[in-house]
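No sequence on hand, only this structure:
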């Protein structure tokens, strides 16, 4: 009897059969596993984005500030015709471009040193040194510049120490340019470094053999090959500047209305969510165009 | 191929960039030890009195508690959903894989204000009042991708034949998962969780739109800086937040050999 029981295969239980079924049908397994996370994204996130887009075509009652679900293009018309908003959009895009250029100029020589001159060990250390500030609290890094640029902060103290006049740039657009360039710099360094590291040494040797001087081979070989990396970095510096509202609020002064903080105050103080939603479509539209351009320059392969 | 002069120039430039990156962070740590309540340089003297003051501030404590609660809950949810998604996607040469990856990175890739406003509109539309749960929903949404990326990358590098071998030896699906797959991916899962927590603990942009009257720690900092109140305490809290976000990241980097952390920047979030 006992031997018999050992020899006879156990009848599969319902649970084991279900497991086997799922194992044999990968699509079933995949859909079972993917349903919860995709449902989360569909129900919460995509629904929210769609709602925000729809809200942009609604309006508020000017007396009660309650949202009226009436389709109209008033918000977009205001954005297109009101000179104030055109200035704000132009100012934001200008700042984003300036920050992007600044970061590219700061990042390129650094990434070049990291990728092509530093020893293996130094490379690892420098990489960590770039990543750490990226992860260190964003708001902390913005705040640090308030301390630096304050009237009696480190900057003025240093200037006075070398007998230069104090620079009172706290709470100005110059301060914002500095802070933006500071907080987004690692985003530019990393893809630029990755692109530079991939350039084969043989290409530079070939350029030298063909008689190119150092500067010539940098400008004709290195820079074109590093360009996708720089463009990939610029996606971050540009997009993050376009949408930011913390920095304009904390370090901006007069004349520091940017898309981000104007949208923010329209949600909070003005309670005009439809208009804020319309304003928020501006950076998305700009980024869509920007990404199309970046794709053509091969930036996506460099990400 | 670089000449000595070029080499020196690049070295100097790199040193300056490093200084630029680290000086502001180190400066805050200095200010945390300022003995005066006036924020001026040089600091008046060294003291640890603001640490005690901050620790005993009930507002700071409440904010810290909320940040921990929201961060841990969001991390747990992101861990579950992100791992499920990674497992669902990896075994298939699945044309939708790129679509899934793109979908998950969207909350980090779009400007934070858009995710924040969208969630805010969604909660209002559905009549949900803002609370810790709305914060958790927002944080989970942008944390999923960190876990997903880490686990998926590890799954791709582990051999499917190991699981098949376990099953040939008589393990059922669950046993093979528990004894073979899980040990192989555990460090990637932990790294993902660390990064998700670091991301959540420091987040301010989305949180502004999803928090009600309660403050998380970054929201408390934002409010205090904005209105110039209790800045000596801000210095202490900010130093603390820097440490709390950096430690999990360093652990995660060690667990994944650095790549998990580096990849994260592809979904840049401030």
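That came in fine, so what should we check first? Source: prediction; values computed, not measured.

ok, now which ones touch the residue of chain A found nearest chain B?
When distances are taken as Cβ to the nearest Cβ, chain A reaches nearest to chain B at residue A:243, 2.2 Å away. C-beta: built from backbone N, CA, C; applies to glycine. Neighbour list for residue A:243: A:259, A:260, A:283, B:110, B:111, B:112, B:113, B:114 [criterion: Cβ atoms under 8 Å, 6 or more residues apart in numbering or on different chains].

Is it possible to get JSON lines of those that adds pLDDT?
Converted to JSON lines, the contacts of residue A:243 look like this (pLDDT from 0 to 100):
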{"residue": "A:259", "pLDDT": "92"}
{"residue": "A:260", "pLDDT": "91"}
{"residue": "A:283", "pLDDT": "91"}
{"residue": "B:110", "pLDDT": "81"}
{"residue": "B:111", "pLDDT": "84"}
{"residue": "B:112", "pLDDT": "85"}
{"residue": "B:113", "pLDDT": "90"}
{"residue": "B:114", "pLDDT": "92"}
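
Look up the closest residue to the residue of chain A closest to chain B, ignoring the ones flanking it.
Nearest residue to residue A:243 in three dimensions, chain neighbours excluded: residue B:111, at 2.2 Å (Cβ to Cβ, 6 or more residues apart in numbering or on different chains).

Secondary structure element holding residue B:161?
Secondary structure assigned from DSSP states H and E places residue B:161 in helix B:160-168.

and that helix, how far out from the chain's middle?
Distance of helix B:160-168 from its chain centroid, counting by Cα atoms, centre = their mean, to the nearest Å, is 35 Å.

got the contact list for whichever residue of chain B sits closest to chain A?
Proximity of chain B to chain A (Cβ to the nearest Cβ) peaks at residue B:111, 2.2 Å away. Going by Cβ under 8 Å, 6+ apart, residue B:111 touches A:239, A:240, A:242, A:243, A:244, A:260, A:280, A:283, A:284, A:287.

could you measure the second one against residue A:298, distance?
Right, the one you point to is residue A:240. Look at residue A:240 and residue A:298: by Cβ to Cβ, to the nearest Å, they are 21 Å apart.

quick one, which of the two is more surrounded?
residue A:240 (23 against 14; other Cβ atoms under 10 Å in any protein chain shown).

Now the more buried one. Nearest residue, chain neighbours left out?
residue A:184 (5.5 Å).

Surely the one you found and residue A:102 touch.
No. Contact between residue A:184 and residue A:102 fails when scored by Cβ atoms under 8 Å: they sit 9.4 Å apart.

For these two, indicate the residue with more neighbours.
Applying other Cβ under 10 Å to residue A:184 and residue A:102 shows that residue A:184 carries more neighbours, namely 28 against 19.

tell me what the helix or strand where residue A:187 lies is packed against?
In this structure, residue A:187 sits in helix A:173-197 according to DSSP H and E. Using 3 or more Cβ pairs under 8 Å, 6 or more residues apart in numbering or on different chains; DSSP states H and E, the elements in contact with helix A:173-197 are helix A:83-112, helix A:120-135, helix A:138-149, helix A:223-243, helix A:246-251, helix A:299-302, helix B:4-32.

could these be laid out in JSON lines, adding distance to residue B:184 and mean pLDDT?
Formatted as JSON lines, the helices and strands packed on helix A:173-197 follow (distance: least, Cβ to Cβ, whole Å; pLDDT from 0 to 100):
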{"stretch": "helix A:83-112", "distance to residue B:184": "34", "mean pLDDT": "95"}
{"stretch": "helix A:120-135", "distance to residue B:184": "25", "mean pLDDT": "87"}
{"stretch": "helix A:138-149", "distance to residue B:184": "34", "mean pLDDT": "92"}
{"stretch": "helix A:223-243", "distance to residue B:184": "31", "mean pLDDT": "90"}
{"stretch": "helix A:246-251", "distance to residue B:184": "40", "mean pLDDT": "92"}
{"stretch": "helix A:299-302", "distance to residue B:184": "29", "mean pLDDT": "66"}
{"stretch": "helix B:4-32", "distance to residue B:184": "36", "mean pLDDT": "92"}
